[in-house]
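**Q** below is the structure, and that's it, no one-letter string:
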């Protein structure tokens, strides 16, 4: 029995549940999500810039690494890549990142040298029916997150697109491992089908923003170790404490998905708000809260000679937003820094009451 998903069942090869998973993984591989990835990348880079990223080195991992880097469509080298690893100097602010010189990441590269790591984990939106396959993906995504943090310089930032199982799994062990290295600045849960509107590829996906914690700073950030069990339409489901406390960061309506080979699962249906607008306002609030607690990017590492975009200034320091008075590194993002800056916290799996949300700043 999986400690992460104790209610899941595993099936022999050839069972319809396993065949459904195989077809979903096939459709995932053969259905491009480049347009959705480009939309997400643009909003993530706006947030990274607002957190103080203006230069240094970046590592792109997983699906569509050129898209994550901000390379425009007419400058990409070929079809979408499922498991790419590219590195480059971070260009100066602007969008898209034209004439970007990307080179293949060498596994022997010294860890802890990147100022930004952008991870897009494989099969993150696949709906797994088989417990063994679901557990294997959960393990892989956790390992991808931990290795991404290992490649990140102290004070550097990680943006990661991973399965919602990473946050919601009943086993908190991997999340505790992440907290040893990094602080969670915030997260946004994308609705099912946001990346690929294909049956079997419509599981919710989480966008995580993490900051690799320097050795001289105490642990801070938002709490996300625990996954709480709560009822939805009378069915017990697991939801990470981060989203339980900030249901507004779930970009849609939490509902139950009937499963043919097990109990219903929690998923997210799109709501009336366009995803781009919802994502922009959510990331703006995450940035504002992180900056208020001093959890911004540290000065970047020098770019490698000959790999920066033309006109880049390798020595330009990042302009991190200033922390508010009285804020200290390592502050708890679960608590507001001062009056008027609290995240809306509402009851579990219920939308915020109309008229009670404070306006979110636009980036």
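**A** Done, it's in. Please read all numbers here as calculations on a predicted model, not as lab measurements. Numbers count the residues shown, from 1 in each chain.
**Q** could you pull out the helices for the stretch 51-200 of the chain?
**A** Taking DSSP state H, counting those that start in this stretch, the helices of the stretch 51-200 of the chain run over residues 65-69, 131-150, 165-168, 173-181.
**Q** save those helices as JSON lines, and put in mean neighbour count and mean pLDDT too.
**A** Where C-beta positions appear, they are placed from N, C-alpha and C, glycine not excepted. JSON lines is the format used below for the helices of the stretch 51-200 of the chain (neighbours: other Cβ atoms under 10 Å; pLDDT from 0 to 100):
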{"stretch": "helix 65-69", "mean neighbour count": "27", "mean pLDDT": "96"}
{"stretch": "helix 131-150", "mean neighbour count": "19", "mean pLDDT": "96"}
{"stretch": "helix 165-168", "mean neighbour count": "24", "mean pLDDT": "98"}
{"stretch": "helix 173-181", "mean neighbour count": "16", "mean pLDDT": "97"}
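**Q** do you know which of those lies nearest residue 280?
**A** helix 65-69 (17.8 Å; Cβ to Cβ).
**Q** tell me what the closest one is packed against?
**A** Applying 3 or more Cβ pairs under 8 Å, 6 or more residues apart in numbering; DSSP states H and E, one finds that helix 65-69 contacts helix 34-50, strand 57-62, strand 84-89, strand 114-120.
**Q** among those, which is the most enclosed?
**A** The highest average neighbour count among those, using mean count of other Cβ atoms under 10 Å, belongs to strand 114-120 at a mean of 27.
**Q** so what strands line up beside that strand?
**A** strand 57-62 (parallel), strand 152-163 (parallel) (DSSP bridges).
**Q** quick one, what contacts residue 264?
**A** 235, 237, 256-258 (Cβ atoms under 8 Å, 6 or more residues apart in numbering).
**Q** adding distance to residue 147, write those residues out as TSV.
**A** Conversion of these to TSV gives the following (distance: Cβ to Cβ, whole Å):
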residue	distance to residue 147
235	35
237	29
256	34
257	30
258	35
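**Q** out of those, which end up buried?
**A** residue 237 (16 or more other Cβ atoms under 10 Å).
**Q** next step: the contacts of residue 264 restricted to strands.
**A** 235, 237, 256-258 (DSSP state E).
**Q** taking the residues you listed, tell me the two that lie furthest apart.
**A** Pairwise over the ones in strands among the contacts of residue 264, using Cβ to Cβ, the maximum falls at 237 and 258, 12.8 Å.
**Q** measure stretch 211-225 end to end?
**A** Terminal residues of stretch 211-225 are spaced 16 Å apart (Cα to Cα, to the nearest Å).
**Q** should've said stretch 169-186
**A** 18 Å.
**Q** do the same with stretch 192-204
**A** With Cα to Cα, one end of stretch 192-204 sits 4 Å from the other.
**Q** show me which residues of that stretch are buried.
**A** When burial is assessed from 16+ other Cβ under 10 Å, stretch 192-204 yields the following buried residues: 192-196, 198, 200-204.
**Q** redo the residues you listed as a markdown table? Include distance to residue 129 and pLDDT.
**A** Shown next, in a markdown table, are these (distance: Cβ to Cβ, whole Å; pLDDT from 0 to 100):
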| residue | distance to residue 129 | pLDDT |
| --- | --- | --- |
| 192 | 15 | 96 |
| 193 | 17 | 95 |
| 194 | 21 | 96 |
| 195 | 19 | 96 |
| 196 | 17 | 95 |
| 198 | 16 | 92 |
| 200 | 9 | 94 |
| 201 | 13 | 95 |
| 202 | 13 | 94 |
| 203 | 11 | 96 |
| 204 | 16 | 97 |
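**Q** and which of those residues is nearest residue 8?
**A** Among those, and counting by Cβ to Cβ, the member closest to residue 8 is residue 203, at 13.8 Å.
**Q** and the closest one, what does it touch?
**A** 124-128, 163-164, 192, 267.
**Q** is it true that it lies in a strand?
**A** No: counting by DSSP: H, G, I helix; E, B strand; the rest coil, one finds residue 203 to be coil, located in no strand.
**Q** excluding residues flanking it in the chain, which one is nearest it?
**A** residue 127 (4.6 Å; Cβ to Cβ, 6 or more residues apart in numbering).
**Q** return the per-residue confidence for the one you found.
**A** The model reports residue 127 with a pLDDT of 96.
**Q** now it: how far from residue 200?
**A** To residue 200, residue 127 is 5 Å away according to Cβ to Cβ, to the nearest Å.
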